[in-house]
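[1] Turn this into a structure:
(chains A and B)
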Amino acid sequence: MRMSQHFGQTLRNAPAEADTEGYRLLLRAGFIRQLAAGIFSYLPLARRSLTKIENIIRQAMNDIGGQEVTMPVVHPGDLWRETGRWYTIGDELTRFQDRNERDMVLAMTHEEVVADLVRHEISSYRQLPRLIYHIQTKWRDEPRPRAGLIRVREFTMKDSYSLDQDEEGLDKQYRAHFQAYFDIFHRCGLPVIAVRSDVGMMGGSMAHEFVYLNEIGEDTLFICDNCGYAANREVATFNRPEAIDEPPQPLEKVATPNTPTIEALAQFLDIPKSKTAKAVFMMATVADETGNHEQFIFAVVRGDMEVNETKLANAVRAKSLRPATEAEIRAIGAEPGYGSPVGVHDCLIVVDTAVTISSNLVAGANEAGYHYRNVNHGRDYEAHIITDIVSAYAGAPCPQCQHSLKAVRGVEVGNIFKLGTRYTEALGATFLDKDGQSRPVVMGSYGVGIGRLLACIAEHYRDENGLKWPITVAPYQVHLIVLPGDETAPIAEKLYVDLQAAGVEVFYDDRDERPGVKFKDADLIGIPLRLTISKRSLEQGGAEYKRRDSDERSIVPLDEVIAHVQAEIKALQAVIDTEVKPVPFRA
RNA sequence: CGGGGCGUGGCGCAGUCCGGUAGCGCGCUUGCAUGGGGUGCAAGAGGCCCCCGGUUCGAAUCCGGGCGCCCCGACCA
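    Numbers count the residues shown, from 1 in each chain, chains lettered A, B, ... in the order given. Got it, this is the predicted structure:
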């Protein structure tokens, strides 16, 4: 492409809304433009990089047996009613009516359509396993888009769906994706880690996220530097301290004026927070045959720990949780700020395991200004559910090796889910097995956010002058600059033509601009290799060659330029290839 | 949904408190000079001051209502 013909310009000043550096550079270099909150246009440079990313993904998917399809962006609402998600998903699912007043939705994901296809196309075990995928626009009306391309409302995603007879087949395809995803991200030059994650609104039995570790991310992860344990905050566990073998003491009511918080209580009684039990009151929305209803949840955790709402919601199979009101708290016999499970009624008591192995805790007396000393689970109250409902924290002991966990931020660029039969059962997508038995197809779903991946690469490969694309995803391979001089123009023109004829992707700056402008733009756009034809370079015997990631410049004789460039591209590619290697599966 | 900020040529901003001819830098156009790190000089083009209503002789500025964008939180396959 001749830069004189190129659509899109570089900017000296980035628009004010750009807050992360990678986003600023993508705007300044003319890759993307924002149309509305969380809605972007991709200009030619970005489009070329996206196409390369997509093709890397296509190859990886095809390599594990994937077949590309395209599924619609607009779905009938009835299909989403059949799986129940019409009712369970809130405003992030955009609904509208067509001219005949039929309910429609904008696709935020495609499980429904896949299951619908499956029920029409798959009838026999002979047609399984299968893997289909597509690269398609999705719409999620996020409450708060942010950080440029990291969290958007309209986005392109590769999503694949595995179809199997049984769990065993699913596991095989799941593991194939696990490796394929590492291959994809490594070919794009992006370092990622895989972490266990919550299955969330997708439902299912196992899920991993692929995370690019960076402060701009909005996922909090807990990782162990010692053994490699890594998990999303939503599911991260840690090793509970050993039970303190302390004989139960008699229950004792004590006056504790003005101590509605654990902080104040521990200070007032001069005890560590770990010797207290904290009551957290939530209202859970639970669905059963009769529809949705609310259930009061009385969660008990040790005073030094925090309730993890995802874990709690999973423990009680709630669709959603909200804090209980003071009136609701009093209605079960508790008192805000002084609550304990001792003597409450009409609620589901969920107790964290750390509480059940601790004895003689201080807990509320369900009366303002009073607490009980020596509260013991099993003697003073019974839990309905005992499980892990607290968040891991920085410094907590690793569940695998006891080493101290570290909290880090990251961006989720991909995920893999074992869905099971949730969607196929709901839609009646069944097949006949060898024995003639009708069984639901077992599904997995696997996503990669394409734009988000581009944004992460931009964030990772940059310096103070601009972007520095890895060769595999760079919009062009070579940035050719021509500077004024008697012979420079015809030589550069010929080089431009010859490089392209040799299969090299060239971005040719043929504009009438000052040298400084051209060099600044080249650095900003970040194409990996740069060639300059100038009076000076010709005097020195050829073209000046420079890599974006190095300050070294060299002169390459004109008749060797093409071979040199091809060799350099190959060398850069080889560096990427060494990163693409098997990664052991961690469940 | 709660809290905060912002909305003025393409981009970045000043002007708003205290109402009186709409400004600056960058970019853009033209010319001359320059020609290896966003060059210099000169002359230009370009604005429903987010929208609607109100107050006023007069509103970018004051008042009311809306919309949009950004940040923090809530939320988030």
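[2] wait, what's in contact with residue A:573?
    Neighbour list for residue A:573: A:471, A:472 [criterion: CB atoms under 8 Å, 6 or more residues apart in numbering]. Using the backbone N, CA and C atoms, a C-beta is placed for each residue, glycine as well.
[3] centroid residue for chain A?
    Taking CA atoms, centre = their mean, the centroid of chain A lies closest to residue A:412, which sits 2.0 Å from it.
[4] excluding its backbone neighbours, what's nearest it?
    In space, and not counting its chain neighbours, residue A:412 is closest to residue A:209: 4.8 Å by CB to CB, 6 or more residues apart in numbering.
[5] residues in contact with the one you found?
    Residue A:209 neighbours (CB under 8 Å, 6+ apart): A:194, A:195, A:196, A:197, A:219, A:232, A:412, A:414, A:415.
[6] What about the residue nearest to residue A:468 when sequence neighbours are not counted, how many residues nearby?
    Leaving out its chain neighbours, the residue that sits closest to residue A:468 by CB to CB, 6+ apart is residue A:461, at 4.4 Å. The local packing of residue A:461 (other CB atoms under 10 Å) involves 22 other residues.
[7] Regarding the residue nearest to residue A:412, what are the backbone dihedral angles?
    Main-chain dihedrals, residue A:209, degrees, to the nearest 10: phi -110, psi 150.
[8] Name whatever forms a beta bridge with it.
    Beta-bridge pairing of residue A:209 under DSSP bridges involves residue A:195, residue A:415.
[9] And the helices in the stretch 251-400 of chain A?
    Ranges of helices in the stretch 251-400 of chain A, per DSSP state H, counting those that start in this stretch, are A:262-269, A:309-315, A:326-331, A:353-356.
[10] who wins for proximity to RNA strand B among the ones you listed?
    helix A:309-315 (5.3 Å; CB to the nearest atom of the strand).
[11] Against which helices or strands is the closest one packed?
    strand A:277-288, strand A:320-323, strand A:385-387 (3 or more CB pairs under 8 Å, 6 or more residues apart in numbering; DSSP states H and E).
[12] does the closest residue to residue A:149 other than its chain neighbours count as helix, strand or coil?
    Among residues not flanking residue A:149 along the chain, residue A:455 sits closest, at 3.7 Å (CB to CB, 6+ apart). The local conformation at residue A:455, judged by DSSP: H, G, I helix; E, B strand; the rest coil, is helix.
[13] count of neighbours near residue A:370?
    Residue A:370: 16 neighbours (other CB under 10 Å).
[14] What's opposite it in the beta bridge?
    The partner residues for residue A:370, given DSSP bridges, come to residue A:255, residue A:367.
[15] now do residue A:533
    Going by DSSP bridges, residue A:533 is paired in beta bridges with residue A:482.
[16] and it, how far is that from residue A:482?
    Using CB to CB, to the nearest Å, residue A:533 is found at 5 Å from residue A:482.
[17] list residues touching both of the two?
    Common contact partners of residue A:533 and residue A:482 (CB under 8 Å, 6+ apart): A:488, A:492.
[18] isn't the residue nearest to residue A:149 right next to residue A:146, touching?
    No. With contacts counted by CB atoms under 8 Å, residue A:455 stays clear of residue A:146, the gap being 11.7 Å.
[19] who has more neighbours, the two?
    More crowded of residue A:455 and residue A:146, by other CB under 10 Å: residue A:455, with 28 against 16.
[20] wait, what's in contact with that one?
    Per CB under 8 Å, 6+ apart, neighbours of residue A:455: A:22, A:23, A:26, A:148, A:149, A:150, A:411.
[21] ok, 6 Å please
    Residues counted as contacts of residue A:455 (CB atoms under 6 Å, 6 or more residues apart in numbering) are A:22, A:148, A:149, A:150.
[22] Spell out the secondary structure type for the third one.
    Three states are possible here, and by three-state DSSP the one that applies to residue A:149 is coil.
[23] That one - how many residues pack around it?
    28.
[24] pLDDT wise, what is residue A:242 at?
    In this prediction, residue A:242 carries a pLDDT score of 67.
[25] domains of chain A?
    A:21-190+A:421-459, A:252-387, A:476-578 (automatic domain parsing).
[26] Can you pull the residues of the stretch 51-200 of chain A lying near RNA strand B?
    Remark: the part of the stretch 51-200 of chain A in contact with RNA strand B comprises A:90, A:92, A:108-109, A:138, A:140, A:142-147, A:151, A:155, A:157, A:159, A:198-200, using CB under 7 Å from any atom of the strand.
[27] now those: which count as buried?
    Buried members of these, scored by 16 or more other CB atoms under 10 Å, are A:108-109, A:138, A:140, A:142, A:145-147, A:151, A:155, A:157, A:159, A:198-199.
[28] Distance to residue A:301 added to the residues you listed, as a markdown table?
    Shown next, in a markdown table, are those (distance: CB to CB, whole Å):
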| residue | distance to residue A:301 |
| --- | --- |
| A:108 | 33 |
| A:109 | 33 |
| A:138 | 37 |
| A:140 | 32 |
| A:142 | 30 |
| A:145 | 33 |
| A:146 | 30 |
| A:147 | 32 |
| A:151 | 30 |
| A:155 | 36 |
| A:157 | 36 |
| A:159 | 36 |
| A:198 | 18 |
| A:199 | 23 |
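[29] and which of those residues is nearest to residue A:275?
    Of all those, residue A:198 has the smallest distance to residue A:275: 30.7 Å, by CB to CB.
[30] Neighbours of the nearest residue to that closest one once chain neighbours are set aside, how many?
    Of all residues not flanking residue A:198 in the chain, residue A:234 sits nearest, at 4.0 Å (CB to CB, 6+ apart). Using other CB under 10 Å, residue A:234 has 22 other residues around it.
[31] repeat for residue A:484
    Counted with other CB under 10 Å, the neighbours of residue A:484 add up to 12.
[32] in a helix, that's where it is, yeah?
    No. The assignment for residue A:484, made by three-state DSSP, is coil rather than a helix.
[33] what about it, distance to residue A:543?
    For residue A:484 relative to residue A:543 (CB to CB), the value is 15 Å.
[34] Equivalent analysis for residue A:341, please.
    For residue A:341 relative to residue A:543 (CB to CB), the value is 78 Å.
[35] do the same with residue A:346
    In terms of CB to CB, residue A:346 sits 81 Å off from residue A:543.
[36] on that earlier part again, please look at the residue nearest to the centre of chain A and residue A:217 and confirm they touch.
    No. Residue A:412 lies out of contact with residue A:217 (CB atoms under 6 Å); the separation is 7.5 Å.
[37] Give me the residues contacting the host helix or strand of residue A:174.
    For residue A:174, the host element (DSSP states H and E) is helix A:167-187. Residues outside helix A:167-187 that contact it (CB under 6 Å, 6+ apart): A:56-57, A:60, A:64, A:129, A:162, A:164, A:192, A:210, A:414, A:416, A:418, A:442, A:444, A:446, A:472, A:579-580, A:583, A:585.
[38] Cross these against helices and list the overlap.
    A:56, A:57, A:60, A:579 (DSSP state H).
[39] will you turn these into a markdown table that also has neighbour count?
    Below are the ones in helices among the contacts of helix A:167-187 laid out as a markdown table (neighbours: other CB atoms under 10 Å):
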| residue | neighbour count |
| --- | --- |
| A:56 | 20 |
| A:57 | 26 |
| A:60 | 25 |
| A:579 | 16 |
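[40] Of all pairs in these, which one is the farthest apart?
    The largest separation in the ones in helices among the contacts of helix A:167-187, counting by CB to CB, is between A:57 and A:579 at 16.4 Å.
[41] Output the residue of the stretch 401-550 of chain A whose distance to RNA strand B is smallest.
    Residue nearest to RNA strand B within the stretch 401-550 of chain A: residue A:516 (2.5 Å; CB to the nearest atom of the strand).
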